[in-house]
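In: A predicted structure for the sequence below; I have some questions about it.
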Amino acid sequence: MPTLAKSLSNTINKKINEIPKSEIRAFSNKISQIPGIIKLTVGEPDLHTPERIKRAAIEDIKSDDSHYAPEPGKKEYLNAVSSYLEDSLGVYYNPANEICATVGVTAALNVALMTVLNPGDKVIVPTPVWGVYFGIIKMAGGIPIEVETSEDNFILTADHLKQVMNNEGKGAKAIVLTDPSNPTGRVYDKEELEQLSQVITDYNLFALSDEIYAELTYNNKKHYSLSQIIPERTLILSGLSKSFAMTGWRIGYIAGPAEIMKTVVKVSSFLITSVTDNVQIAAAKALEDGEQDYEEARAIYEKRLHIIQTGLEKNGFTMATPEGAFYIFAKIPEHFGSDDVAFATDLANKAKVGVVPGSYFGEGGEGYVRLSYASSEEHLRMAVERITNYVDDVLDKE
């Protein structure tokens, strides 16, 4: 087994070494060692990729479609994304020069930030948010500016953004907005986005809109996009991982104005060359007639949301009502204190239920935990029962 030369050990990229690994995955991996634990930690759908999508990939493989795809993506996939966005948002993106295939949304965010940022540029990040954002921004040479939103029910208001832009965010280059939100499940309404768009325009920001959960909204809540209001400033980052249960396929896209998409494609081509042929064909099939698929998934998740939300509320947890994605961001009952890491660790060890400490999602997450309901009803009901017993045991001892 080779050992790195001692003379090289201190020469590895310092910027990368300064970026911590994902706390969410580290915690999830740690508690995985607990026998019998029910993990509600990772945003991984337990549903399966629909058969028609798998068949499309199989047939494409059989046809020997195994060569380099065009750098922006295969025509079939780009056309499907274009049609899907026009149907769902009413915004037309030319498949010839305004869309780029990516290896999931994480890669899309990497590519978008590398396209937009110069070293030292600030990026506005409403928090709590998926913690990986911070590392990706830093890798691209940017400086994340956390904007804590808990006081406004986990929605970034236009007034708050304006205040930040006049202070610690002064001179920022871009804003990253996740809608629907991970971890809170909040969904911005049209008026909120219109007000934000005005501030984004006034301060000349790029808007990177992470819409990976766009199809998963509940209680008649509708998804709107910044691209419907300020398409000239917006890059849509999305994919099929969540709504079509295709996390392992690693397929996403970026859509935006042609002028910037030239650079997006250039950056993407240096990073990955192109996205796998048969995966793009399968994704095209998913988008072409996939409304029934994500409607079925939405109905399943909405039922699960009710199970876990009702169970938590009966045990003294409070939360902003989740409207999308498949997460609940719950405030720990007061008698447990505010140390969310200690609470999540104790819950895992004693109740055998895995949740994610809220502080792993940035400012405003302290004292909260995130639970994913992308798990079976059976597991969710068992988790609620275990949490109830855990809470009762603690209260009995006080």
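Out: Now that the structure is in, tell me what you want to look at. From a predicted model like this one, the values you see are computed outputs, not experimental measurements. Residues are numbered from 1 along each chain as shown.
In: and stretch 169-180, which residues are buried?
Out: Gly169, Ala172, Lys173, Ala174, Ile175, Val176, Leu177, Thr178, Asp179, Pro180 (16 or more other CB atoms under 10 Å). For glycine as for every other residue, the C-beta is placed from the backbone atoms N, C-alpha and C.
In: could you give me the average pLDDT of the top helix by length along the chain?
Out: As assigned by DSSP state H, the longest helix anywhere in the chain is helix 291-314. Averaging pLDDT along helix 291-314 gives 96.
In: so for whichever helix or strand comes after it, what's the average pLDDT?
Out: Sequence order places strand 318-319 as the next helix or strand after helix 291-314, per DSSP states H and E. The average pLDDT within strand 318-319 is 96.
In: Name the strands paired with strand 318-319 and say parallel or antiparallel.
Out: Partners of strand 318-319 in the sheet, by DSSP bridges, are strand 327-331 (antiparallel).
In: List the first helix or strand encountered after whichever strand or helix holds Ser28 toward the C-terminus.
Out: In this assignment (DSSP H and E), Ser28 forms part of helix 23-31. Following helix 23-31 in sequence order, the next helix or strand is strand 38-39 (DSSP H and E).
In: Run through the neighbouring helices and strands of that following strand.
Out: Packing partners of strand 38-39 (3 or more CB pairs under 8 Å, 6 or more residues apart in numbering; DSSP states H and E): strand 353-354, helix 377-397.
In: Just the residues contacting it, thanks.
Out: The contact list for strand 38-39, computed with CB atoms under 8 Å, 6 or more residues apart in numbering, reads Ser28, Ile31, Ser32, Lys352, Val353, Gly354, Ser375, His379, Met382, Ala383, Arg386.
In: Of the residues you listed, select the buried ones using a PyMOL command.
Out: Buried residues within these, by 16+ other CB under 10 Å, are selected in PyMOL with:
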select buried, resi 28+31+352+353+354+375+379+382+383+386
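In: Domain parsing of this structure, as residue ranges.
Out: Annotated domains of the chain cover 12-48+292-397, 51-290 [automatic domain parsing].
In: Of those domains, flag the one that's most buried.
Out: domain 51-290 (a mean of 20; mean count of other CB atoms under 10 Å).
In: Ends of it, what's the gap?
Out: 12 Å (CA to CA, to the nearest Å).
In: any chance you could map the helices in this structure?
Out: Counting by DSSP H, the helices of the chain are 14-17, 23-31, 51-62, 75-89, 104-116, 132-139, 158-165, 190-202, 258-272, 277-288, 291-314, 340-346, 377-397.
In: How about the contacts made by Arg199?
Out: Just so we're on the same page, residue 199 is Val rather than Arg. By CB under 8 Å, 6+ apart, Val199 lies in contact with Ala158, Leu161, Lys162, Met165.
In: nearest to Ser63, of the contacts of strand 38-39?
Out: The closest of these to Ser63 turns out to be Ser375 (CB to CB; 36.5 Å).
In: Distance-wise, check the nearest residue to the closest one once chain neighbours are set aside relative to Arg52.
Out: In space, and not counting its chain neighbours, Ser375 is closest to Asp46: 5.5 Å by CB to CB, 6 or more residues apart in numbering. Per CB to CB, to the nearest Å, Asp46 is found 20 Å from Arg52.
In: can you check Ile328 too?
Out: Applying CB to CB to Ile328 and Arg52 gives a distance of 31 Å.
In: got it, and Ala297?
Out: 14 Å.
In: so where's the stretch 201-350 of the chain shaky on pLDDT?
Out: Along the stretch 201-350 of the chain, no part satisfies pLDDT under 70.
In: go with 90
Out: 289-290 (pLDDT under 90).
In: would you list the domains of the chain in JSON lines and tack on distance to Lys6?
Out: Putting these into JSON lines (distance: least, CB to CB, whole Å) gives the following:
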{"stretch": "domain 12-48+292-397", "distance to Lys6": "13"}
{"stretch": "domain 51-290", "distance to Lys6": "26"}
